[in-house]
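Engineer: pasting the sequence and the predicted coordinates here, then a few questions.
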Amino acid sequence: MAALKYWVWLASVPALTNRSKLLLLEHFPSPEDIYYADEGEILQVEGLNKSQAALLLDKSLERAQRILTDCARKELFVLTMDDATYPCRLRNIYDPPILLYGKGSMPLFDDEAAIAVVGTRKCTPYGVNAAEQLGYEMAKAGAVVVSGLAKGIDAASHRGALRAGGFTAAILGGGVDVVYPPQNRRLYEDIAATGVLLSEYPPQAEPDGWHFPARNRIISGLCLATVVVEAPKKSGALITANTALEQGREVFAVPGPISAPNSAGCHQLIREGAGLASCGWDVLSEYQNQFPHRLKNDDQPLPPMPEGSEVTVIPAKAVEESALPVLDLVKNKEGLTDDQLRIIQVLTTDEPLLTDDVAEITGLPVRRVLSALTVLEIDGFAREQGARCFVRTVEIKKE
């Protein structure tokens, strides 16, 4: 516990990038040595400048102790890069998290055929069925299914794995004690009870928009391969796929109707060499020789959903129509943050706005505007049209 507080102290240094923390750990034997180092010693670390070194001069351990107390009270575990159960698979990526907070049971990922299943939140019934089927088939065959607990494809893949009685891991963009989105609470609780929830962010951390692109590297980094089920041309799932390729991992994609916007990103991946996934074994057969005692082809079909179960999807008709989709700000805000809601109501569908103008109109700092616009673009609510100019890609219903 004594050493752990220094890991948490280093992980929670405000404004210091994860890459800078990794450079420090390459130079110093341990976080405790970093804690006791003076500015001159820190400046000897190649890649760190004086302003970054100054961030480490705050030697208060109060924040770290508070986080550890919170973890103990909520029965969360902390896994550092020095722990034997920290996956080598993840440690070997370019920018691994220096520690992970977790809830549930941590598997030995290096001994598991872990497969990521990702896709758009604004999915069609076809995408939901495909993701749940893949999650079910791969878990039934002995794989660990990894995703991000988001609405849509992520939730469906987790649900399929749970229905198979298998193990699933959810990588979160906020603290592991924060249920997001709120409507996935039951799924969150099921995963906590039978699988694992992981995050590099401490307890109570809000799921800020910029967290999600960062957490994608963990989803793909824990896995042998990433399967994209449904993804428009601009989608967070494609970010995960590209990250997987950068990490030297395999990418698979599920084909869809040739004219379906939600399958355009998948078709592009297949054209560029991604494997075609029409069932779970299409993916797992590539790893059967590597995990002969884990993987077994099980062709049991996905059983029908129990009566009364509800799955929220965007109707296929709405996806296929050429008119802009409608965002109902009264009934359904699509999990948008306050910043995103303010910005999307300022943007128009026909006249691009500069980010500086958006900041001036909303009264938000430019950095927060840029962060929010990045997520809005990933989720398909906005599009960049010219340098730092954006338009809205949905109609807004306010009453």
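Structural biologist: Received, thanks. Numbering: from 1, shown residues only.

Engineer: just confirm P202 is within a strand.
Structural biologist: No. Applying DSSP: H, G, I helix; E, B strand; the rest coil, one finds P202 to be coil, outside a strand.

Engineer: quick one, what contacts it?
Structural biologist: Listed by Cβ atoms under 8 Å, 6 or more residues apart in numbering, the contact set of P202 reads 8, 11-12, 67, 70, 101, 175. Any C-beta I mention is one placed from the backbone N, CA and C, and that applies to glycine too.

Engineer: same thing but at 7 Å, please
Structural biologist: Going by Cβ atoms under 7 Å, 6 or more residues apart in numbering, P202 touches 12, 67, 101, 175.

Engineer: what about the strands in the stretch 201-350 of the chain?
Structural biologist: For the stretch 201-350 of the chain, the strands defined by DSSP state E, counting those that start in this stretch cover 225-228, 250-253, 275-276, 326-328.

Engineer: mean pLDDT lowest where, among the ones you listed?
Structural biologist: Mean pLDDT values for those show the minimum at strand 326-328, a mean of 78.

Engineer: from the middle of its chain, how far away would it be?
Structural biologist: Distance of strand 326-328 from the chain centroid (Cα atoms, centre = their mean, to the nearest Å) equals 24 Å.

Engineer: parallel or antiparallel, list what pairs with it.
Structural biologist: In the sheet, strand 326-328 lines up against strand 395-397 (parallel) (DSSP bridges).

Engineer: hmm, who's touching the partner strand?
Structural biologist: Here strand 395-397 has contacts from 324, 326-330, 345, using Cβ under 7 Å, 6+ apart.

Engineer: for stretch 364-379, buried residues please.
Structural biologist: 364, 368-379 (16 or more other Cβ atoms under 10 Å).

Engineer: can you flag which of those belong to helices?
Structural biologist: Cross-referencing the buried residues of stretch 364-379 against helices under DSSP state H gives 368-378.

Engineer: okay, the residues you listed in JSON lines with pLDDT and distance to S60 next?
Structural biologist: Formatted as JSON lines, these follow (pLDDT from 0 to 100; distance: Cβ to Cβ, whole Å):
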{"residue": "R368", "pLDDT": "86", "distance to S60": "27"}
{"residue": "V369", "pLDDT": "87", "distance to S60": "32"}
{"residue": "L370", "pLDDT": "85", "distance to S60": "30"}
{"residue": "S371", "pLDDT": "82", "distance to S60": "27"}
{"residue": "A372", "pLDDT": "85", "distance to S60": "31"}
{"residue": "L373", "pLDDT": "85", "distance to S60": "34"}
{"residue": "T374", "pLDDT": "79", "distance to S60": "32"}
{"residue": "V375", "pLDDT": "79", "distance to S60": "32"}
{"residue": "L376", "pLDDT": "81", "distance to S60": "36"}
{"residue": "E377", "pLDDT": "78", "distance to S60": "38"}
{"residue": "I378", "pLDDT": "71", "distance to S60": "36"}
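
Engineer: closest one to N92 out of these, please.
Structural biologist: I378 (26.3 Å; Cβ to Cβ).

Engineer: so the closest one touches K233, yeah?
Structural biologist: No. With contacts counted by Cβ atoms under 7 Å, I378 stays clear of K233, the gap being 11.4 Å.

Engineer: who's in contact with L24?
Structural biologist: Contacts of L24 (Cβ under 7 Å, 6+ apart): 34, 45.

Engineer: name the element it belongs to?
Structural biologist: Here L24 sits within helix 18-27, counting by DSSP states H and E.

Engineer: same deal with K103?
Structural biologist: strand 99-104.

Engineer: distance from that strand to the middle of the chain?
Structural biologist: Relative to its parent chain, strand 99-104 has a centroid offset of 14 Å by Cα atoms, centre = their mean.

Engineer: where does the stretch 201-350 of the chain have low pLDDT?
Structural biologist: 299-301, 303-324, 331-334 (pLDDT under 70).

Engineer: hmm, try it at 90
Structural biologist: 206-214, 233-237, 239, 258-259, 297-342, 344-345, 348-350 (pLDDT under 90).

Engineer: chain neighbours aside, what residue packs nearest to R163?
Structural biologist: Y136 (5.6 Å; Cβ to Cβ, 6 or more residues apart in numbering).

Engineer: confirm the one you found sits in a strand?
Structural biologist: No. If the criterion is three-state DSSP, then Y136 is helix and not within a strand.
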